[in-house]
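Chemist: I would like to see how this sequence folds:
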Amino acid sequence: MEVHILHTNDVHSEFDRYARLASRLRQVHAQLCAQGERVLCFELGDHIDVSNPLTNATEGRINARMIRELPYDGWVFGNNETLTVDRQLWPALLLEAGKPLYCSNIDVPPTDQTAALNRQQGDICRLDGVAVGVFGVTVRYQKLLDTLGVQSADPALTAWEIARSLRAKGADIVIMLSHLGLRADRELADDGLPVDLIVGSHTHHFLDGGERRGQSWIVQAGKHGHAFGHAVLDVQGGSVRCVTSHLVYGEQSDPPDAGVDRIISAAECEADAWLEEPVAVVTEHLGHSLLGESELVNLLCDQLRSEYGSDVAILNGGVVTGGYLAGAIRRRDLLAVCATPMRPVNMRLDGATILRLLVQGFDSELVGRQGFGFGFRGHFVGRLHVSGADVYTRMSSDAEGFGRESIESMEIGGEPLDGNRLYNVTTSEYVALSPIYSELQGRNFSYGVPTLRTLLERALTRGELVNLARLRRYHVI
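Modeler: As a prediction, this is how the structure comes out:
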């Protein structure tokens, strides 16, 4: 017999493209069922992305409604669901989706209404006498999950525990729904995890054809609604003989799925009033510059330093993507220039490290690089901005005659930088954790709870801070 597995992952609220892909997914699923085939369909997480105004305004409910609408048999939370949606809202998402949640290493707040949907211990379904065990695990960013009050367990240890449990309960075939990423999936398969198929996600790999590792097959279907995966398990004598897999791509000419299209239209009406609400009024233009100083990033830095009482705050300019004209700023406008779900990070750094970090931040190749990962939702990385510090620079010409700016000296709190002194520094996840800022790799840190967008909203209401944001922090001497 054959078992067909259809799967999507990492949609990231790219609804226009996903609506077209959904029509093809529904069509393939219906054709297989009409032919009497055995079909299971799963969504692998990061369907939600709060940078999308409709997702943001509905707190992810629009995404859950799409999962309900389409022929999914279950889903997994990705890091966007666990880190950017308040855990108290998870039960509402489960109810909206109405599909089993397979997330064995994350504790979802229990309610009487959602208990039947939470398959934390996995599940076994029978297809023509073959027992198919299904469970899921998601990536664990433990420090941030702890800060957010989310109870979590090691996903690899959990995978071994649940896979063995399902085998002991009589599962002939075991499928792991994984939001761990390809590297982690490969490591588990190479170590002999007793599963037949790993349906993967998180790292956005387009694994057309999948791959075999040890006794397991791994599949993954890219990102952003470009494709869904179709894996076929050839089952002989109650075990998987082989797996074939391919990706099914949506086309620009595909019509949007009617059900998904209705959900989008309804959400637009629901969200519009909320998105139009004003959050602040500014009396003068607040500018933004990727290569120079951005008044809006200065403002966000000032808010970070004020919020956490730090000596200095540091952010890259690409954390926002535009400035504001004078007038009212709506929620829609706030999201438009600061779409990131990133949160603050607090560190203790010596003065010498801070200086080396800022020197690295002048690297033109780094400034113009496209940002990726750690909640980055802008375009280019941008130069580093500071609050609580003054940086004195000098212009010179390189061998080709181009102007080059370099740091001559620096003050923090009006005093010369002490290379040996430890300073309290507030920054973002991207600056603290991205490998492009090598000076901070491996450093101890702690998280703050509010998102950068929340902090920017607070800052925009503080007139004195808005005025201070116009003061330059970099001075050419």
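
Chemist: quick one: least confident helix or strand in this protein?
Modeler: helix 364-367 (a mean of 84; mean pLDDT, DSSP states H and E).

Chemist: and the contacts of that one?
Modeler: When contacts are taken as Cβ atoms under 8 Å, 6 or more residues apart in numbering, the neighbours of helix 364-367 outside the stretch itself are Leu290, Leu291, Gly317, Gln360, Gly361, Phe380, Val381, Gly382, Arg383, Ile436. Every residue, glycine included, has its C-beta placed from N, CA and C.

Chemist: dump the residues you listed to JSON lines, plus neighbour count, secondary structure and pLDDT.
Modeler: Shown next, in JSON lines, are the contacts of helix 364-367 (neighbours: other Cβ atoms under 10 Å; DSSP: H, G, I helix; E, B strand; the rest coil; pLDDT from 0 to 100):
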{"residue": "Leu290", "neighbour count": "19", "secondary structure": "coil", "pLDDT": "74"}
{"residue": "Leu291", "neighbour count": "12", "secondary structure": "coil", "pLDDT": "78"}
{"residue": "Gly317", "neighbour count": "25", "secondary structure": "helix", "pLDDT": "91"}
{"residue": "Gln360", "neighbour count": "15", "secondary structure": "helix", "pLDDT": "89"}
{"residue": "Gly361", "neighbour count": "24", "secondary structure": "coil", "pLDDT": "86"}
{"residue": "Phe380", "neighbour count": "17", "secondary structure": "strand", "pLDDT": "89"}
{"residue": "Val381", "neighbour count": "27", "secondary structure": "coil", "pLDDT": "90"}
{"residue": "Gly382", "neighbour count": "27", "secondary structure": "coil", "pLDDT": "89"}
{"residue": "Arg383", "neighbour count": "25", "secondary structure": "coil", "pLDDT": "91"}
{"residue": "Ile436", "neighbour count": "19", "secondary structure": "coil", "pLDDT": "90"}
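
Chemist: of those residues, which is the nearest to Phe42?
Modeler: Set against Phe42, the nearest of those by Cβ to Cβ is Ile436 (33.7 Å).

Chemist: return the residues in contact with the closest one.
Modeler: With contacts defined as Cβ under 8 Å, 6+ apart, Ile436 is in contact with Leu366, Arg369, Val381.

Chemist: and with 6 Å instead?
Modeler: Leu366 (Cβ atoms under 6 Å, 6 or more residues apart in numbering).

Chemist: also Thr147?
Modeler: Thr147 is in contact with Tyr447, counting by Cβ under 6 Å, 6+ apart.

Chemist: check what pLDDT it gets.
Modeler: Residue-level confidence at Thr147 comes out at 95, pLDDT.

Chemist: and what of Ala399?
Modeler: Looking at Ala399, its pLDDT reads 56.

Chemist: before we move on, what about Arg377?
Modeler: If you check Arg377, the pLDDT there is 79.

Chemist: and it, which of the three is it?
Modeler: Using DSSP: H, G, I helix; E, B strand; the rest coil as the criterion, the local structure at Arg377 reads coil.

Chemist: my read: it touches Ala339, true?
Modeler: Yes: in terms of Cβ atoms under 6 Å, Arg377 counts as a neighbour of Ala339; the distance is 4.0 Å.

Chemist: strands of the stretch 201-350 of the chain, start to end?
Modeler: Shown for the stretch 201-350 of the chain, the strands assigned by DSSP state E, counting those that start in this stretch span residues 211-213, 216-219, 227-236, 239-249, 278-282, 312-316, 327-330, 344-350.

Chemist: now do the same end-to-end measure for stretch 46-62.
Modeler: With Cα to Cα, to the nearest Å as the measure, the ends of stretch 46-62 fall 13 Å from one another.

Chemist: okay, now the domains of the protein?
Modeler: The domain map for the chain lists 2-270, 277-476, with the assignment taken from automatic domain parsing.

Chemist: run the chain-centre distance for the shortest one.
Modeler: Using Cα atoms, centre = their mean, to the nearest Å, the mean C-alpha position of domain 277-476 is found 21 Å from that of the whole chain.

Chemist: buried deepest among the strands of the stretch 201-350 of the chain, which one?
Modeler: Between the strands of the stretch 201-350 of the chain, strand 312-316 has the highest mean count of neighbours, a mean of 26, where neighbours are mean count of other Cβ atoms under 10 Å.

Chemist: tell me the helices and strands packed up against that strand.
Modeler: Strand 312-316 sits against helix 295-308, strand 384-387, strand 422-428, with contacts defined as 3 or more Cβ pairs under 6 Å, 6 or more residues apart in numbering; DSSP states H and E.

Chemist: which phi and psi does Ile412 have?
Modeler: According to degrees, to the nearest 10, the main-chain angles of Ile412 amount to phi -120, psi 120.

Chemist: and what of the one 4 residues further on?
Modeler: Reported as degrees, to the nearest 10, the phi and psi values for Pro416 are phi -60, psi 140.

Chemist: leaving out sequence neighbours, find the closest residue to it.
Modeler: When the adjacent residues along the chain are set aside, Pro416 lies closest to Ser409, with 7.0 Å between them (Cβ to Cβ, 6 or more residues apart in numbering).

Chemist: is it true that that neighbour touches Tyr392?
Modeler: Yes: between Ser409 and Tyr392 there is a contact under Cβ under 6 Å: 4.8 Å.

Chemist: and stretch 287-295, what's buried?
Modeler: Buried residues in stretch 287-295, counting neighbours by 16 or more other Cβ atoms under 10 Å, are found at Gly287, His288, Leu290, Glu293, Ser294, Glu295.

Chemist: cool, and stretch 124-140?
Modeler: If you call a residue buried by 16+ other Cβ under 10 Å, then stretch 124-140 has these buried ones: 124, 127, 130-140.

Chemist: still on that earlier bit, lowest average confidence across the domains of the chain, which one?
Modeler: domain 277-476 (a mean of 91).

Chemist: counting neighbours, what do you get for Gly209?
Modeler: Residues lying near Gly209 (other Cβ atoms under 10 Å) number 9.
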